[in-house]
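Asker: Fold the following for me, if possible:
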Amino acid sequence: MRIRMIQGSYAGGCTMVEEDGGIYAPHLPVTCGRRSAVVMLGTPARRVREALSSAYDAIKDMARQKDLATLFAADLLFTRKKAASLVEEEEEREEADMVNLSSLTDDQLKSQLLHYGVKAGPIVGSTRALYERKLQRLMAHSSQFKVNGTSDAAKYSDSEEDEGEEEEDEDEEEESSGSEQLGPESVSLTETSATARTEQVSDILTELFPDIVTTPTGITATKRRSIKGAAGRPVQFKYLETPLSPATLERREIQQRLVPLWVQIVVFLLLAALLYLIYVSMEDPLENPFSALLDSLSDEPALTPSSQGISTKQNIHTSVEMYCHLIGRWCVGIISFSSTLLQQTIRTFTLEVNAGLQLAQWEKTTNISAHISKQERAALLANFREAIRIPTVSFSETEQNTSALREFDQLLRKVFPTVFSSSLVKHEVVADYSHLFTVLGTEPELVPYMLLAHIDVVPANEADGWEAPPFSAKELNGFIYGRGTIDNKQSVMGILQALEYLLQRGYVPRRGFYIGLGHDEEVSGFNGAVNIVKVLKSRGVKLQYVLDEGLAVLDGIINGLKGPAALIGVSEKGSATVKLSVSMKPGHSSMPPRESCIGILGAAVARLEEYPMPRLFGYGPERAIFEHLAHKFGLPLRFIMSNLWLFTPLLSRVMERRPDMNAFVRTTTAVTMFNSGVKTNVLPSHAEAFVNLRIHSAQTLQEGKDIYHEKERSKDRSLWDPLRDSRSRGSMTREGDKLLPIGQVVELIESTIADDRVKIELVSGFDPLPISSYTEQSFGFQVIKKTLLDMFPQLTVAPGICIGNTDSRHYTDLTKDIYRFAPTWFKPGDAQRFHGINERISPKNYEELVVFYFQLFQNCDIRNLPTPHASQHEL
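Answerer: Take a look at the predicted model:
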């Protein structure tokens, strides 16, 4: 007979499992042969004693039948001792429950908890009650679970949940005890088989029976789940990472595939160097670091080892020296070129074009509000419509609508009565139809300025496709349609309307000014503008600056530019008309010669179109346009525009592909008229064509102009063929130590046609206008710029070049600064309306013109420009 304890599990309550006819875990079976008595752990001591007593009485009866009295006595003695021990432990547990834990200090409470294997954290008011309950629970369970090795189970309980769970455990135990009827009645005898047992067992009577070997039962105790926040315990589970959004995952994936920024910069610089090498091989460049490098290397005398009288060792040594010398000079040159590239890039990349004087303290002058009332707005639009309805058309220098010009004169006197009646304004009619207004200033020592506009317009035919009659001033879709709305009656009426408002508000200018309105600008202005200039010159007038029509505000027209840009024209291209003619003997069409005069002239015209004038982009004011706008472009255009010293050849080749941009690159040639023949069956004796040229600022009409600097070189160079060079590459020529001039335009035409049978005559023309100043010391440019930015802060102001011509070219003897601008807003497609069909302007834009001139008059009253604020920063 053996008496043994089955090691059971305690996990929130006892579960009775019946195996092999016996009841196990977590119960205390007492076996005797094939019979067993089972007592549940947790049963009160009284019931344990009664159960054990009943069990051993039964065992004693069975043992007596088998005559094992001695063993019965030992078993009975053990049983009684075990029952007494259980009773004592139960009484100690009940006494522990009665201990007042609140009387313990914090240190005593920690030491008691540590005695039971619990390391307490900081004890504060909110945690003391928690630790008292935990200690009470440990003391109550310490003796109860020593028998089955589960005394540490409380260490793994949830500190915040054990109280509720303990109550549930007690309820379950009571239900279990009720259902099993623990006590004396709960003892049952079942048949078990020793050979069929596979569960791990541990004897509790090892002292009495030391020869008993522990038998595994397969039943183990498990810990309860650890909860985050238990004092002194590690967190035994890991929280999942916060899930990432699809956009974040996609961005990280893209970033992994991207090339690092420094690699992109290096590749871009290498590409720039490669393009520059291509340019060097295709062009005859200006002075630049790379060409200087090549020239310096080519100037070095060759180092060749002598083949006589020198040993092989000396030859090798000399060759090594030669190659080391060349490699060294190349390295020095490349480093110099790279440093120059970096320096130029940083300098131009940080150009602040709208800073400078805009950040300086401007002189305060009388400031009259430009507020326009609703009645004034209606009146100014009505006056403007009346001006559009008068067809002041100029057909030619000898044919104009003079009756319309006289009607326009009467309109001006009617709608601007204050201007014509004020004592501050002197009005004169020049050449019968032009107008000159002199406005006196209170400080005569200040140099006056002058505003220009013209009254006449080009012809317009409604049948050409106008959406509204060209002289109806009809308003459609928010625009006033009519010839002259943007060329140039908006300036005529805007200037006088602004002056009318100022005089009505009591304005007295400090700086005097002039207003000139020509009547024949569309046919060269030889009667109107020229005679106005004669009047002023006769009076010894010198002007601070002149402002005429010309460029405008471009919004969305320049590809890649962020935001609108106001281009102020600082120069005009020259203009010329060249006549080409061929004369031959007439004949019958049945016997034609190998070449007719029409064929010869046609071939000459074809050569002019096939071989255009040289590219001159970067040698006139057009370069300043892109440098001032560079910071408004995105990459890589920003880098290219900021470094035109390097990318000018590349940019000029791109620009010449578009007709509107090609005008900035070179002198343009356009065949506008071709006349020949009198009858279909008669060979013509004469053929003629007229070519209109717009001359680039770097060229002249008849006198050569060297735009390059002389190079100090002692090496002779062969003379390059100008014709071959201009035809094949469109570049310049060079002879000896001096770069040859780009040539007269007429001579370039002759060399391009290269046919003595074609007669070339210069009908009329003039050179490009001088380039006006646009620095921070330029009074006119800076005042116009300030007025624009005060009205439109979003604008980028830059100098520009007019590809057309204005009356202002006649005023070069009166001032050195002539600017060509009106704040007319051009959207994509509006530039084609200039001298085209559907010319139009919005009422809002016309009102903005009036306000612009209103403010300009007042801004010009300052005596001097302020000290410029630093507008360029070197790194």
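
Asker: Under a three-state scheme, what state does residue 570 occupy?
Answerer: Assigned state for residue 570: strand (three-state reduction, DSSP: H, G, I helix; E, B strand; the rest coil).

Asker: Near it, how many other residues are there?
Answerer: 31 (other CB atoms under 10 Å). Bear in mind the C-beta positions are built from the backbone N, C-alpha and C, glycine included.

Asker: Provide a list of residues in contact with it.
Answerer: 621, 624, 771-774, 781, 799-801, 819-820 (CB atoms under 8 Å, 6 or more residues apart in numbering).

Asker: Tell me the secondary structure at residue 849.
Answerer: Per three-state DSSP, residue 849 ends up helix.

Asker: shaky segments in the stretch 601-750 of the chain?
Answerer: 702-743 (pLDDT under 70).

Asker: how about low-confidence regions in the stretch 351-500 of the chain?
Answerer: Counting by pLDDT under 70, the ranges of the stretch 351-500 of the chain that qualify are 351-360.

Asker: now the strands: where do they sit in it?
Answerer: 425-430, 434-439, 449-454, 475-476, 479-481 (DSSP state E, counting those that start in this stretch).

Asker: Please read off the pLDDT at residue 761 from the model.
Answerer: For residue 761, the model assigns a pLDDT of 92.

Asker: if we can go back for a sec, okay if I get the contacts of residue 570 as JSON lines plus neighbour count, secondary structure and distance to residue 532?
Answerer: Below are those laid out as JSON lines (neighbours: other CB atoms under 10 Å; DSSP: H, G, I helix; E, B strand; the rest coil; distance: CB to CB, whole Å):
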{"residue": "621", "neighbour count": "21", "secondary structure": "coil", "distance to residue 532": "26"}
{"residue": "624", "neighbour count": "18", "secondary structure": "helix", "distance to residue 532": "30"}
{"residue": "771", "neighbour count": "18", "secondary structure": "coil", "distance to residue 532": "23"}
{"residue": "772", "neighbour count": "24", "secondary structure": "coil", "distance to residue 532": "19"}
{"residue": "773", "neighbour count": "18", "secondary structure": "coil", "distance to residue 532": "23"}
{"residue": "774", "neighbour count": "24", "secondary structure": "coil", "distance to residue 532": "25"}
{"residue": "781", "neighbour count": "24", "secondary structure": "helix", "distance to residue 532": "23"}
{"residue": "799", "neighbour count": "27", "secondary structure": "strand", "distance to residue 532": "26"}
{"residue": "800", "neighbour count": "28", "secondary structure": "strand", "distance to residue 532": "25"}
{"residue": "801", "neighbour count": "26", "secondary structure": "strand", "distance to residue 532": "24"}
{"residue": "819", "neighbour count": "27", "secondary structure": "strand", "distance to residue 532": "18"}
{"residue": "820", "neighbour count": "28", "secondary structure": "strand", "distance to residue 532": "17"}
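
Asker: Tell me which of the strands of the stretch 351-500 of the chain sits nearest to residue 54.
Answerer: strand 479-481 (115.0 Å; CB to CB).

Asker: name the helices or strands packed onto the closest one?
Answerer: helix 374-389, strand 840-841 (3 or more CB pairs under 8 Å, 6 or more residues apart in numbering; DSSP states H and E).

Asker: looking at these, which is buried most?
Answerer: For the helices and strands packed on strand 479-481, average neighbour numbers computed from mean count of other CB atoms under 10 Å are highest in strand 840-841, which has a mean of 22.

Asker: Can you name the residues in contact with that strand?
Answerer: By CB under 8 Å, 6+ apart, strand 840-841 touches 476, 479-482, 485-486, 490, 824, 833.

Asker: Show me what it pairs with in its sheet, parallel or antiparallel.
Answerer: strand 479-481 (antiparallel) (DSSP bridges).

Asker: just to revisit the earlier point, turn the helices and strands packed on strand 479-481 into a markdown table, including distance to residue 653.
Answerer: Formatted as a markdown table, the helices and strands packed on strand 479-481 follow (distance: least, CB to CB, whole Å):
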| stretch | distance to residue 653 |
| --- | --- |
| helix 374-389 | 43 |
| strand 840-841 | 35 |
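
Asker: Out of those, flag the one nearest residue 595.
Answerer: Comparing these by CB to CB, strand 840-841 comes nearest, at 48.8 Å.

Asker: Mind checking the strands of the stretch 351-500 of the chain for the one nearest to residue 580?
Answerer: Using CB to CB, those put strand 449-454 closest to residue 580, at 31.4 Å.

Asker: tell me what that closest one is packed against?
Answerer: helix 489-504, strand 513-518, helix 528-538, strand 546-554.

Asker: quick one: residue 528 and residue 432 touch, right?
Answerer: No - contact criterion CB atoms under 8 Å: residue 528 and residue 432 do not qualify, at 9.3 Å.

Asker: Neighbour count for the two, which is higher?
Answerer: Using other CB under 10 Å as the criterion, residue 528 and residue 432 rank with residue 528 on top: 30 against 13.

Asker: And the pLDDT for that one?
Answerer: pLDDT, residue 528: 95.
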